[in-house]
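Asker: Quick one, fold the following:
(2 chains)
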Amino acid sequence: KAGVTQTPRYLIKTRGQQVTLSCSPISGHRSVSWYQQTPGQGLQFLFEYFSETQRNKGNFPGRFSGRQFSNSRSEMNVSTLELGDSALYLCASSLGLAGVVPQYFGPGTRLTVL
Amino acid sequence: DAKTTQPPSMDCAEGRAANLPCNHSTISGNEYVYWYRQIHSQGPQYIIHGLKNNETNEMASLIITEDRKSSTLILPHATLRDTAVYYCIVRVAKDNAGNMLTFGGGTRLMVKP
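Answerer: Numbering: from 1, shown residues only, chains lettered A, B, ... in the order given. The predicted structure is shown next:
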């Protein structure tokens, strides 16, 4: 079974621009979560989607948003990019919402903001 | 979710068992212990999880103390490819709880030849 895929793998943007990252979960997984990883803050939870609805949200500004499609694929968008948004953005998928089964992570998208 | 405490770093000789400890003294009855690892610049990789019984899979063994306040991840024969940051995470398990994982600093395991 194919794993979680993320596109693009690398991205360079300039301050003020916006960016959209894409995530395809493992087949059959309906939950998709997004995380940001930076050297200073470590791995931090952004939000989780299940059945096209946001179920949980981390402590990030409204510039960070996401959505999930009917096929469980998800996108996250960051508007008005700041230098501090440079990070590895990770997507993870899971079968359900009960917190019992593992989440499986993709390889990430490395975003650099200049 | 309960907080976990892990040593920041550990060394292990190649071929020997690596025993990574985790303290979760405030764990509650419906919280699972999960272990993930992250090899440099890759996405975290799920290793194993458990509630109260010891667990084993093809990657590792998880030993949870009887009072559930601590656990140990065991890599039976560490290789250089096991060099990574290992995260111990406690997560509540109930319907619709969601899958948010709270990552701490983890343990940086260095396997040496």
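Asker: Spit out the contact partners of the residue nearest in space to the middle of chain B.
Answerer: For chain B, B:Trp35 is the residue whose C-alpha lies nearest the centre (CA atoms, centre = their mean; 3.1 Å). Contact analysis of B:Trp35 by CB atoms under 8 Å, 6 or more residues apart in numbering or on different chains lists B:20, B:22, B:46-49, B:60, B:62, B:73, B:86-89. Placement of C-beta: from N, CA and C, glycine included.
Asker: and the closest residue to A:Ser74 other than its chain neighbours, what helix or strand is that in?
Answerer: Distance criterion CB to CB, 6 or more residues apart in numbering or on different chains; nearest residue to A:Ser74, sequence neighbours excluded, is A:Val32 at 4.1 Å. Taking DSSP states H and E as the criterion, A:Val32 maps to strand A:31-38.
Asker: tell me what that strand is packed against?
Answerer: Judged by 3 or more CB pairs under 8 Å, 6 or more residues apart in numbering or on different chains; DSSP states H and E, strand A:31-38 is in contact with strand A:42-50, strand A:74-78, strand A:87-94.
Asker: let's go with 6 Å and repeat that
Answerer: Secondary-structure packing of strand A:31-38 (3 or more CB pairs under 6 Å, 6 or more residues apart in numbering or on different chains; DSSP states H and E): strand A:42-50, strand A:87-94.
Asker: got the ones you listed as CSV, with mean neighbour count and distance to A:Thr7 columns?
Answerer: CSV is the format used below for these (neighbours: other CB atoms under 10 Å in any protein chain shown; distance: least, CB to CB, whole Å):
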stretch, mean neighbour count, distance to A:Thr7
strand A:42-50, 21, 17
strand A:87-94, 25, 10
